[in-house]
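In: Build the 3D model from these lines:
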Amino acid sequence: GISILADALTNNTSLETLFLDLHGSTSAGSNIFSRLLCDTSSINNIYLSNHTLQTIGWSDQFIDEGKYFSLNRQGKQLNPINHRLIPMCKILTHHPDLADMK
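Out: Model (predicted):
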């Protein structure tokens, strides 16, 4: 169930906050949502990750993907029209060697 929801949210461009009523959720659910925010398996997958969600939680738990949520929030605040800044920051976080390219 959670993986289907996460897959559906990959191309989300409007939902910023998601609260679910899930009982018995595990760290596997957190890992799925972490991959949704920044799939580091390739540069292309980082680019295609969700850059809109800013909060995900259920019951009294919140997923702590602070750096990705912060990038999503800050990127929108810094440049609300051009959201390409967010994936570029995520890519450079995981591939700092690309910053040295000329």
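In: now the helices for this protein?
Out: Using DSSP state H, the helices of the chain run over 2-9, 27-37, 43-48, 66-78, 85-94.
In: Make JSON lines out of those helices and add mean neighbour count, distance to Phe19 and mean pLDDT.
Out: C-beta: built from backbone N, CA, C; applies to glycine. Listed next are the helices of the chain as JSON lines, based on neighbours: other C-beta atoms under 10 Å; distance: least, C-beta to C-beta, whole Å; pLDDT from 0 to 100:
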{"stretch": "helix 2-9", "mean neighbour count": "14", "distance to Phe19": "12", "mean pLDDT": "85"}
{"stretch": "helix 27-37", "mean neighbour count": "18", "distance to Phe19": "12", "mean pLDDT": "76"}
{"stretch": "helix 43-48", "mean neighbour count": "14", "distance to Phe19": "24", "mean pLDDT": "93"}
{"stretch": "helix 66-78", "mean neighbour count": "16", "distance to Phe19": "14", "mean pLDDT": "77"}
{"stretch": "helix 85-94", "mean neighbour count": "18", "distance to Phe19": "22", "mean pLDDT": "88"}
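In: Identify whichever of those lies nearest to Thr17.
Out: Closest to Thr17 of the helices of the chain is helix 66-78 (C-beta to C-beta; 10.2 Å).
In: Quick one: distance of stretch 4-20 to the chain centre.
Out: Offset of stretch 4-20 from its chain centre (C-alpha atoms, centre = their mean, to the nearest Å): 9 Å.
In: Switch the helices of the chain over to CSV; also include distance to Glu16.
Out: Formatted as CSV, the helices of the chain follow (distance: least, C-beta to C-beta, whole Å):
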stretch, distance to Glu16
helix 2-9, 11
helix 27-37, 12
helix 43-48, 18
helix 66-78, 8
helix 85-94, 13
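In: So which of these is nearest Ile56?
Out: helix 27-37 (5.3 Å).
In: related to what we said a few turns ago, mind checking which of the helices of the chain is nearest Leu20?
Out: helix 2-9 (8.0 Å).
In: list the helices and strands the closest one packs on?
Out: helix 27-37 (3 or more C-beta pairs under 8 Å, 6 or more residues apart in numbering; DSSP states H and E).
In: and the nearest residue to Ile91 once chain neighbours are set aside, what does it touch?
Out: Once flanking residues are discounted, Ile91 sits nearest to Ile46: 5.0 Å by C-beta to C-beta, 6 or more residues apart in numbering. Neighbouring residues of Ile46 by C-beta atoms under 8 Å, 6 or more residues apart in numbering: 38-40, 87, 90-91, 94.
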